[in-house]
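**Q** Okay, structure incoming, though there's no sequence with it:
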């Protein structure tokens, strides 16, 4: 049994002249919760399609559980569970009927299928809704049912592509609460693509994908420690001019992001009063705080998350 569940080596992919992935290499060990984090259009969806064996890369290689995604995709598909961004439920069928049809695709039947369906419906709080038509469920309950489908055949790897898109904050929290409970009960490896910072915070490791490239990888804490200290954001009438003045007056190198001056300093709280006193007529607002994952992305790329057409 391999201890490495997902392994890619220099994966690249092109859609015509558009490069969606640029030599992405990563490795996910057994039992890890691994998050692909980045803005829409960063390449997450393309990488997800390759790992779920629905798309072949233009170059490079990918292995799941030691099987080659290009040559051994049938061996892979029986061992992975997939929850797509877009719903895959038949809304005209009942909750249990959706699971029964899913089970038949994986060779489950009879008492084994019923036992597994009952077990998951109970764990995910859907047991009392088993005989309801799916279209009557809320969006949050539908996502739970999607999770049931992905886990029905007891996969070793669960792939989640933007699984909480369209849910309100409460629905997202509810979804992850159920999933984390399942992860604790069984040795399940989870790889999720997301553009929600708070979801990535819960991961064991994060890979930042931007414009098709892997720009950083590590635990949430280790990524934030790349900045250290504090992040100060200064709103001003003329951010470019203020940024130059701060460097001339204090020697601190900043940059302008979204028409605000951004500084990374070890002594952030102590510096703010000096900053306001030095430029009283130019500063409109100041915030200071410990680095977030959003700050890490800005530090790495020089800009905030920008959503473009998903690739």
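**A** Received it, and whenever you're ready, just let me know what you need. On a predicted model such as this, the values are computed, not experimentally measured, just so you know.
**Q** can you map out the strands along the stretch 151-300 of the chain?
**A** Taking DSSP state E, counting those that start in this stretch as the test, the strands found in the stretch 151-300 of the chain are 157-161, 189-194, 205-210, 213-218, 230-236, 255-257, 260-265, 283-289.
**Q** Turn those strands into JSON lines, including mean neighbour count and mean pLDDT.
**A** Where you see a C-beta, it was placed from the backbone N, CA and C, and this is true even at glycine. Output for the strands of the stretch 151-300 of the chain, formatted as JSON lines (neighbours: other Cβ atoms under 10 Å; pLDDT from 0 to 100):
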{"stretch": "strand 157-161", "mean neighbour count": "23", "mean pLDDT": "93"}
{"stretch": "strand 189-194", "mean neighbour count": "24", "mean pLDDT": "93"}
{"stretch": "strand 205-210", "mean neighbour count": "23", "mean pLDDT": "94"}
{"stretch": "strand 213-218", "mean neighbour count": "17", "mean pLDDT": "95"}
{"stretch": "strand 230-236", "mean neighbour count": "21", "mean pLDDT": "95"}
{"stretch": "strand 255-257", "mean neighbour count": "16", "mean pLDDT": "92"}
{"stretch": "strand 260-265", "mean neighbour count": "22", "mean pLDDT": "95"}
{"stretch": "strand 283-289", "mean neighbour count": "14", "mean pLDDT": "94"}
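**Q** Please name whichever of these is nearest to residue 31.
**A** strand 189-194 (5.8 Å; Cβ to Cβ).
**Q** Other residues contacting that closest one?
**A** With contact meaning Cβ atoms under 8 Å, 6 or more residues apart in numbering, strand 189-194 is reached by 5-6, 28-37, 44-45, 47-48, 51, 156-164, 179, 183, 199-200, 203.
**Q** Could you rerun that using 6 Å?
**A** Applying Cβ atoms under 6 Å, 6 or more residues apart in numbering, the contact partners of strand 189-194 are 5, 30-36, 44, 48, 157-162, 200.
**Q** Paired strands for it, with orientation please.
**A** strand 33-37 (parallel), strand 157-161 (parallel) (DSSP bridges).
**Q** just so I know, which of these lies nearest residue 273?
**A** Residue 273 sits nearest to strand 33-37 of all the strands paired with strand 189-194, at 34.6 Å, using Cβ to Cβ.
**Q** and the closest one with strand 213-218, angle?
**A** Strand 33-37 and strand 213-218 are oriented at 140 degrees to each other (axes from the mean of the first three to the mean of the last three Cα atoms, to 10 degrees).
**Q** returning to that earlier point: which of the strands paired with strand 189-194 sits closest to residue 195?
**A** Each of the strands paired with strand 189-194 was scored for nearness to residue 195 using Cβ to Cβ, and the closest is strand 33-37 (7.1 Å).
**Q** returning to that earlier point: derive a ChimeraX selection command for the buried subset of the contacts of strand 189-194.
**A** Selecting only the buried entries of these in ChimeraX, with 16 or more other Cβ atoms under 10 Å as the criterion:
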select :5,30,32,33,34,35,36,44,48,157,158,159,160,161,162,200
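**Q** Mind splitting the chain into its structural domains?
**A** Here the domain assignment for the chain is 4-223, 229-290, based on automatic domain parsing.
**Q** For the first one, what is the distance to the chain centroid?
**A** Spelled out, that is domain 4-223. 10 Å (Cα atoms, centre = their mean, to the nearest Å).
**Q** Low-confidence stretches in the chain?
**A** For the chain, the stretches with pLDDT under 70 are 1-2, 306-311.
**Q** any idea where the helices of this protein begin and end?
**A** Secondary structure of the chain by DSSP state H: the helices cover 44-51, 73-77, 95-105, 110-123, 139-151, 169-185, 197-200, 220-224, 239-250, 268-278, 293-301.
**Q** so what secondary structure elements neighbour the longest one?
**A** For helix 169-185, the elements it packs on are helix 139-151, judged by 3 or more Cβ pairs under 6 Å, 6 or more residues apart in numbering; DSSP states H and E.
**Q** and the helix it packs on with helix 95-105, angle?
**A** Angle, helix 139-151 to helix 95-105, by the same axes, to 10 degrees: 20 degrees.
**Q** Give me the residues contacting helix 139-151.
**A** With Cβ under 6 Å, 6+ apart, helix 139-151 has contacts from 81-83, 95, 102, 120, 124, 126, 158, 167, 171, 174-175.
**Q** Closest one to residue 132 out of those residues, please.
**A** Residue 132 has its nearest neighbour among these in residue 95, at 5.8 Å by Cβ to Cβ.
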